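Trainee: got a predicted model here, sequence first, then my questions.
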Protein chains: 2
Amino acid sequence: MVTLKDIAREAGVSVMMVSRVVNHRYNEVSQENIDRIQSIIQKLGYIPDFSARSLSSNSSKIISVIIQGIDNPMASPYNANMLGHIISLIQARGYNAMVHFIDDYTEVTMHLRSWKSEGAIFLGTFDENIRQIQQDNQIPLIFTDSYSSVRQFINIGIDDYKGGMLAARHFLEKGHREFAVIAPHLHISQLIQQRVAGFCDTVSQAGLPIPQSHILEPYNLEETTGRLCSLPEPVTAVFSTTDLTAIQLISLLKKRGLRVPEDYSLIGFDNLLYSEFSTPALTTIAQNIGLKARYAVDTLFHYLEDDSLPARSVVLDVELVERDSVLVKIT
Amino acid sequence: MVTLKDIAREAGVSVMMVSRVVNHRYNEVSQENIDRIQSIIQKLGYIPDFSARSLSSNSSKIISVIIQGIDNPMASPYNANMLGHIISLIQARGYNAMVHFIDDYTEVTMHLRSWKSEGAIFLGTFDENIRQIQQDNQIPLIFTDSYSSVRQFINIGIDDYKGGMLAARHFLEKGHREFAVIAPHLHISQLIQQRVAGFCDTVSQAGLPIPQSHILEPYNLEETTGRLCSLPEPVTAVFSTTDLTAIQLISLLKKRGLRVPEDYSLIGFDNLLYSEFSTPALTTIAQNIGLKARYAVDTLFHYLEDDSLPARSVVLDVELVERDSVLVKIT
DNA sequence: CTGAAAGCGCTTACAG
DNA sequence: CTGAAAGCGCTTACAG
């Protein structure tokens, strides 16, 4: 392994001179030395040892991405997409991305500290533990899609409530009057609760309150589809709080000989790639995942550069993308 | 920050004693000391500094996952899935996963060396540079889906050729006689070339050679769909070398008023989650991504434990999953 | 512009 | 079972 020392010996200068050149502190070194040292670095193929650097300078150049769930959270296309964008952006800034899948929040601090992460971005629900995580880690922590009530924390989210609202309005405009909601993780995710609330509130305000029994949290989607189809008061419009569920639902309904949108109209949420290619193409609430990732990373580096900044959260807009999964009942 | 020294002072022992306890080398420490030191570690919330450990012991506990492509390679569901499984498995072994998106292979060595990665898993096409990468990095390197002719390298792949063969046979059995192939990245990916070869060889052996003009490499899939539909000798059966393309194709054909499988029968490759939910559900060549990831990680740790093992590659089987995208033309 | 010294937090190798 | 010494490769802080 080639070290600073090797270069120094070869160049007949001190280790410090080499260190300066490696770190581009050219104004502290004579041009002659810069040239000679650089050529020797090239020749010997020197690559800095980041762990040594981290130890001595107390700066690791590592950003951690903490993702909730340990059983392949990448099965969620949303997570996969976010992570992809985030890693790209972290790299583009010359930092390194360390990814951790975590179930138990107590592991968060361990991971962050042991590698001296300079910052972290969180995907998933850490609402209950944000305060503790903040307390234990005095580095920029960027949460996404959180609805924690902790006062000073940075969150990059979207207007989930409005998303639900837009879905409801669209159904109403198209003449629908009987609704159901399919909401995975409803009881643990405030994010989902917001989407449902936006939907239900809007429908209620139109004088069409949704019975509690029409809000379904699926464990086994096949069973839930059965419940949906045998609701005492039949529905024509179903809001699914995630596209993935909506797409699966279309397929399950078909198996029962039911058609979308003729028998059930459907609106999803997220605007995942596949929602465009399903049959029928899915009308959905679109969020801009690439933009969200960019805000998360940009915000993180913002705080890295100036940690006196006040905590500022970001709420991105959503919009309805109309495709073919909603039947027009009035013209 | 709490260090070994702090614990040692508090416990009235040497730093070495604490180090031994932290590293579970209990047979070298008296029970009394173990207990006292452990309780102090608890109390002070000691967390080891991995960069210090890496520097002094020359073992980083980092495994790098190198993914080809810098513009969000997670847009590929296959990559996302593999990465998810791989990270889970690396973590489960107490190692840390560092993820790098790379376009230029010269960066590989830099990343691997600067963090002293103990091993690396590669996703994507590095065939041209495998020899160089191996030469520069004397650690276990696990490639996936590679068809490099380098002799001593470890690859975890699937039987792509057989996959193409199975697709061809299925079409033939169902009575199809006119074929086309849609193969993204055909000219750069040997993996794709194998799938196509398996398909074309089998069809040729049945006395139905495929004209070169029927093998389409899409850049813009919409344009390619146009070409497909206006082939001088019309076809009834299309083999798409990836599910993602197949699913998009279904949707594009629909837009032209064409139906799958009535107008075009389709077989995909990968058995991605969505292939089950498309309309029609996609008949496809299934590979077991979870298993592949497991082999990659297991093999890596195999070599980590014993680097004298001979290079051994793994070829996993594939199978045809029959769904609804192939029309039966004879009974 | 240059370099010698000390230290980051840990482990290895050794002596007792 | 215990600990003092040296060192991993780098940077910080200082002196010149």
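Mentor: Happy to help now that I have it.

Trainee: strands of chain A, residue ranges please.
Mentor: Per DSSP state E, chain A carries strands over the ranges A:62-68, A:96-102, A:119-123, A:141-144, A:154-158, A:179-182, A:215-216, A:237-240, A:265-270, A:283-286, A:314-316, A:319-321.

Trainee: could you list the low-pLDDT ranges of chain A?
Mentor: Counting by pLDDT under 70, the ranges of chain A that qualify are A:331.

Trainee: domain assignment for it?
Mentor: The domain map for chain A lists A:4-48, A:62-158+A:289-317, A:160-287, with the assignment taken from automatic domain parsing.

Trainee: could I get those as TSV with mean neighbour count and distance to DNA strand C?
Mentor: All C-beta spots, glycine's among them, are computed from the backbone N, C-alpha and C. Shown next, in TSV, are these (neighbours: other C-beta atoms under 10 Å in any protein chain shown; distance: least, C-beta to the nearest atom of the strand, whole Å):
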stretch	mean neighbour count	distance to DNA strand C
domain A:4-48	15	3
domain A:62-158+A:289-317	19	9
domain A:160-287	20	36
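
Trainee: nearest to DNA strand D, of these?
Mentor: domain A:4-48 (3.3 Å; C-beta to the nearest atom of the strand).

Trainee: got the contact list for the residue of the stretch 151-300 of chain A found nearest chain B?
Mentor: Going by C-beta to the nearest C-beta, chain B is nearest to residue A:279 of the stretch 151-300 of chain A, at 3.6 Å. Each residue near residue A:279 by C-beta atoms under 8 Å, 6 or more residues apart in numbering or on different chains is listed here: A:250, B:250-251, B:254, B:278-279.

Trainee: other residues contacting stretch A:103-117?
Mentor: A:54, A:58-60, A:62-64, A:66, A:68-70, A:98, A:100, A:102, A:120, A:126, A:128-129, A:132-133, A:136-137, A:139, B:47-51, B:96.

Trainee: just the endpoints, please. Distance across it?
Mentor: Start-to-end span of stretch A:103-117 (C-alpha to C-alpha, to the nearest Å) is 19 Å.

Trainee: tell me how far the residue in the stretch 51-200 of chain A positioned nearest to DNA strand C lies from residue B:49.
Mentor: Of all residues in the stretch 51-200 of chain A, residue A:56 sits closest to DNA strand C, at 3.3 Å by C-beta to the nearest atom of the strand. Separation of residue A:56 from residue B:49 (C-beta to C-beta, to the nearest Å): 12 Å.

Trainee: so between the two, which is more surrounded?
Mentor: More crowded of residue A:56 and residue B:49, by other C-beta atoms under 10 Å in any protein chain shown: residue B:49, with 20 against 10.

Trainee: how about residue A:211, nearest residue that isn't a chain neighbour?
Mentor: residue A:233 (7.1 Å; C-beta to C-beta, 6 or more residues apart in numbering or on different chains).

Trainee: wait, residue A:46
Mentor: residue A:2 (4.7 Å).

Trainee: name all residues that make contact with that neighbour.
Mentor: A:44-47 are the contacts of residue A:2 under C-beta under 8 Å, 6+ apart.

Trainee: which one of those is nearest chain B?
Mentor: Out of the contacts of residue A:2, the member with the shortest distance to chain B (by C-beta to the nearest C-beta) is residue A:47, at 4.4 Å.

Trainee: show the contacting residues for the residue nearest to residue A:77 when sequence neighbours are not counted.
Mentor: Nearest in space to residue A:77, with sequence neighbours left out and distances taken as C-beta to C-beta, 6+ apart, is residue A:272 at 5.1 Å. With contact set as C-beta under 8 Å, 6+ apart, residue A:272 has these partners: A:77-78, A:81, A:243-244.

Trainee: one more: residue A:218?
Mentor: Contacts of residue A:218 (C-beta under 8 Å, 6+ apart): A:182, A:184, A:224, A:245.

Trainee: as JSON lines, those residues with distance to residue B:286 would be great.
Mentor: Converted to JSON lines, the contacts of residue A:218 look like this (distance: C-beta to C-beta, whole Å):
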{"residue": "A:182", "distance to residue B:286": "28"}
{"residue": "A:184", "distance to residue B:286": "26"}
{"residue": "A:224", "distance to residue B:286": "26"}
{"residue": "A:245", "distance to residue B:286": "23"}
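
Trainee: filter the residues you listed down to the ones in helices?
Mentor: If you go by DSSP state H, the contacts of residue A:218 have A:224, A:245 in helices.

Trainee: I'd say residue A:270 and residue A:287 touch.
Mentor: Yes: Residue A:270 lies in contact with residue A:287 (C-beta atoms under 8 Å); the separation is 6.2 Å.

Trainee: for stretch A:63-71, which outside residues touch it?
Mentor: A:73, A:79, A:83, A:86-87, A:90, A:95-103, A:108, A:111-112, A:115, A:117-126, A:300, B:88, B:91.

Trainee: is stretch A:92-100 positioned near chain B?
Mentor: Yes: with C-beta under 8 Å from any C-beta of the partner chain as the criterion, chain B is reached by stretch A:92-100 at A:96-100.

Trainee: please report how far the residue lying closest to residue A:302 once chain neighbours are set aside lies from residue A:303.
Mentor: Of all residues not flanking residue A:302 in the chain, residue A:309 sits nearest, at 6.5 Å (C-beta to C-beta, 6+ apart). Distance of residue A:309 to residue A:303, computed by C-beta to C-beta: 6 Å.

Trainee: for residue A:18, same thing?
Mentor: 33 Å.

Trainee: what of residue A:73?
Mentor: 25 Å.

Trainee: export stretch A:297-316 as PDB, just CAs?
Mentor: Only the C-alpha atoms of stretch A:297-316 are listed here, as PDB (Å, rounded to 0.1, in the frame of the first residue of the first chain):
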ATOM      1  CA  VAL A 297     -29.700  16.000  -0.200                       C
ATOM      2  CA  ASP A 298     -29.500  19.800  -0.900                       C
ATOM      3  CA  THR A 299     -31.000  20.500   2.500                       C
ATOM      4  CA  LEU A 300     -28.600  18.200   4.200                       C
ATOM      5  CA  PHE A 301     -25.500  19.900   2.600                       C
ATOM      6  CA  HIS A 302     -27.000  23.200   3.400                       C
ATOM      7  CA  TYR A 303     -26.800  22.400   7.100                       C
ATOM      8  CA  LEU A 304     -23.500  20.700   6.700                       C
ATOM      9  CA  GLU A 305     -22.100  24.100   5.500                       C
ATOM     10  CA  ASP A 306     -23.900  26.100   8.100                       C
ATOM     11  CA  ASP A 307     -25.200  24.400  11.200                       C
ATOM     12  CA  SER A 308     -26.600  27.600  12.600                       C
ATOM     13  CA  LEU A 309     -29.500  27.600  10.100                       C
ATOM     14  CA  PRO A 310     -32.900  27.300  11.600                       C
ATOM     15  CA  ALA A 311     -34.700  24.000  11.000                       C
ATOM     16  CA  ARG A 312     -36.700  24.400   7.800                       C
ATOM     17  CA  SER A 313     -38.900  21.700   6.400                       C
ATOM     18  CA  VAL A 314     -40.100  21.400   2.800                       C
ATOM     19  CA  VAL A 315     -43.500  20.400   1.600                       C
ATOM     20  CA  LEU A 316     -43.700  19.600  -2.100                       C
END
